[in-house]
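K.L.:
build me a structure from this.
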Amino acid sequence: LTGGHGWYLPETMQKAVVFQMPLAVATCRDRDQWVELGMAHDVLVYWWQPQSSFASKRPQQIYFPSYNKQEREQNILLSQSDRVLLSKWVSPNLQEAAPTVHNMLANFGVSLIDMNEMLSETECLDGTSCKGVACRWLR
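P.N.:
Purely as a prediction, here's the structure:
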């Protein structure tokens, strides 16, 4: 189950054929339908982390061969996608303008386990706001 303009669909179709995975593939008309159908049924869902939509279902990753840049450049999409680094960005003069804030941000980190736990809390799942969850985690 995918959304948008068919997120990950070409890769899914290649992998299904080569790895002999019997799949029926569907692209939802919008994000709401993607979440609704993904939550209502036991299906493979295109999903990424951190992201709250399916966190309560505790989805598991399907592993494919390690990322292969040369194959991917040839549009052979059988390997894992390359990882995307989530990084912190700050003003270039933050260290001199606010050294305490800069130091706190430089040493700040959230593990994926903690992030997924926060995202699975009700406030994040119902789409209202994760602000209260984040404030509790910081305390």
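K.L.:
neighbours of Ser87, just the number please.
P.N.:
Here the number of neighbours of Ser87 (other CB atoms under 10 Å) works out to 5. Placement of C-beta: from N, CA and C, glycine included.
K.L.:
check which helix or strand covers it.
P.N.:
Assessed by DSSP states H and E, Ser87 sits outside every helix and strand.
K.L.:
now do it against Phe108, distance only.
P.N.:
The gap separating Ser87 from Phe108 is 12 Å, by CB to CB, to the nearest Å.
K.L.:
check Pro50 too.
P.N.:
15 Å.
K.L.:
which one of those two is surrounded by more residues?
P.N.:
Pro50 (14 against 9).
K.L.:
which strand or helix spans the spatially most central residue of the chain?
P.N.:
Note on the chain: the residue nearest the mean C-alpha position is Trp48, at 1.9 Å, using CA atoms, centre = their mean. For Trp48, there is no helix or strand it lies in under DSSP H and E.
K.L.:
which is the next helix or strand following the lowest-mean-pLDDT helix or strand in the chain?
P.N.:
Within the chain, no helix or strand scores below helix 122-125, which has a mean of 64 by mean pLDDT, DSSP states H and E. Tracing the chain past helix 122-125, the next element assigned as helix or strand by DSSP H and E is helix 131-138.
K.L.:
quick check: mean pLDDT across that next one?
P.N.:
Taken as a whole, helix 131-138 has a mean pLDDT of 78.
K.L.:
list the buried residues in that helix.
P.N.:
Val133 (16 or more other CB atoms under 10 Å).
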